[in-house]
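**Q** sharing a model that was predicted from the sequence below.
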Amino acid sequence: MSWDIVIGQNRAKRIIQKHLEQNRLPHSLLLYGGDGVGKDAAAIQIAKILNCKTAVTDSCDSCPDCHKVNILQHPNIHLVFPLPVGKSELSDDLPLDKLTSEELSQVYSELAAKAKNPYYEISIERANFIKITSIREIRKKSALSVLSQGRKVIIIFDAEKMNEQSSNALLKTLEEPLGETVLILTTSNKDALLPTIISRCQLIRFEDLKEDEISAALQSRENLDEQQSKIISRLSNGSYTHALQLMQTDLNAKRNQLVDFLAIVLTQNPLKISEEIEKMTKENDRAEIEQLLLLLQVWFRDVHTLSIGSDQVLNVDQKTRLEKFNAIYKNFDIYAVFKEIEKALLLLKKNVYIQLIITVMVIKIRRIILVKN
């Protein structure tokens, strides 16, 4: 797992590698950007380089220290992330002391999944925030001597999930020297952190991934075929983690549901359309509605592709339905349709009532398509 494990992010990689090459890596780093874009993977890679026997700007991936980091079991590396609060847990207890055997098993299982894939999102039941005990342990860990050649690295995943107590404890830690320890925070919501914490860190921004970067990674890492990888990358909103989650859903069923819904919108009476909208919004949450709208974008993108004489469609298995659609509905303003879908997607992010969003979008798209037919 060298820098190749981090998908894209060439700008962020160059910044980090330059710091490493000049032996001027800051003691406190804040890696920020959207969910699942590679911040955690980069943090783990930095920790590996700092503990690799031969590394300067990249790890060798063959020494014992590299192997230990790859399984997240290196003694110089300490990971902090949200944990559940144990029964009767006190402020001087260690973070894992009061957890049940079932909770501990889940923690270790999630860490194993993270070691296997650094884009995996750790999710533990009742773990809503980073505990102050986890932050206090940072000071204890940093005071210990390194157990092998290298440097002690503490990584705080999802740093925005620190509550007020743990945030203040971290601020106190940042104000006091940690020796040779390197502290790396990752966050998808930088503005949720205390400004005083941000000011004490070197900030490195991670951009949303490009669709072709996600598609290529899905093909090479997950053995996904080109068609599926392109559809998923289009729906992933620049997040490889989101793309991996989409792989677990039945996209074919969703695509068929969407095309059937579109057929009803364009051929049925207002009462039937209203019933279908109500059914759709009851059966799908906000995130699933967003997926359906993105799939609708892909569908109309394919409609447009065929209309201009190209056969480079993403919905290859639905090409016959696409051709039939183009034969029936001609000369409508495809860009106006795209605009209405974009409006609906923006309103979804603003927490507007979902059924109203879909109803307004459907009325406008129906009018755009049928006005010329």
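**A** Alright, I've got the coordinates. Numbering: from 1, shown residues only.

**Q** and the strands in the stretch 201-350 of the chain, which stretches?
**A** 202-206 (DSSP state E, counting those that start in this stretch).

**Q** would you map the helices across it?
**A** Shown for the stretch 201-350 of the chain, the helices assigned by DSSP state H, counting those that start in this stretch span residues 211-222, 226-235, 240-246, 251-267, 270-283, 286-307, 319-328, 334-349.

**Q** same check on the stretch 51-200 of the chain?
**A** Using DSSP H, counting those that start in this stretch, the helices of the stretch 51-200 of the chain run over 64-70, 101-116, 132-143, 164-175, 195-199.

**Q** worst mean pLDDT among the ones you listed?
**A** Sorting the helices of the stretch 51-200 of the chain by mean pLDDT places helix 132-143 lowest, at a mean of 84.

**Q** Asp92: which of the helices of the stretch 201-350 of the chain is closest?
**A** Distance to Asp92, taken as CB to CB, is lowest for helix 240-246 among those, at 35.0 Å. Any C-beta I mention is one placed from the backbone N, CA and C, and that applies to glycine too.

**Q** neighbouring contacts of that closest one?
**A** Contact with helix 240-246 is made by 7, 35-38, 117, 119-121, 209, 214, 217-218, 222, 232-233, 235-236, 291, as judged by CB atoms under 8 Å, 6 or more residues apart in numbering.

**Q** before we move on, the earlier item: and the helices of the stretch 201-350 of the chain: which comes nearest Val80?
**A** With CB to CB as the criterion, Val80 lies closest to helix 240-246 of those, at 18.9 Å.

**Q** okay, angle between the helix or strand of the chain with the lowest mean pLDDT and helix 164-175 too, please.
**A** The weakest-scoring helix or strand in the chain, judged by mean pLDDT, DSSP states H and E, is helix 132-143 (a mean of 84). Interaxial angle of helix 132-143 relative to helix 164-175 (axes from the mean of the first three to the mean of the last three CA atoms, to 10 degrees): 20 degrees.

**Q** what is helix 132-143 packed up against?
**A** Counting contacts by 3 or more CB pairs under 8 Å, 6 or more residues apart in numbering; DSSP states H and E, helix 132-143 packs against strand 77-80, strand 153-156, helix 164-175.

**Q** and that helix, what's buried?
**A** Within helix 132-143, the residues that count as buried by 16 or more other CB atoms under 10 Å are Ile132, Thr133, Ser134, Ile135, Arg136, Glu137, Ile138, Lys141, Ser142.

**Q** these two touch, right, the third one and Val80?
**A** This means Ser134. Yes. Counting by CB atoms under 8 Å, Val80 is a contact partner of Ser134 at 4.9 Å.

**Q** nearest spatial neighbour of Leu25, chain-adjacent residues omitted?
**A** His19 (4.4 Å; CB to CB, 6 or more residues apart in numbering).

**Q** backbone phi and psi for the one you found, please?
**A** As for His19, its main-chain torsions (degrees, to the nearest 10) stand at phi -60, psi -40.

**Q** quick one: mean pLDDT over stretch 365-373.
**A** The model assigns stretch 365-373 a mean pLDDT of 85.

**Q** chain center to that stretch, what's the gap?
**A** Relative to its chain's centre, stretch 365-373 lies at 37 Å (CA atoms, centre = their mean, to the nearest Å).

**Q** ok, and what's touching it?
**A** For stretch 365-373, using CB under 8 Å, 6+ apart, the contacting residues are 265-266, 273, 328-333, 336-337, 340-341.
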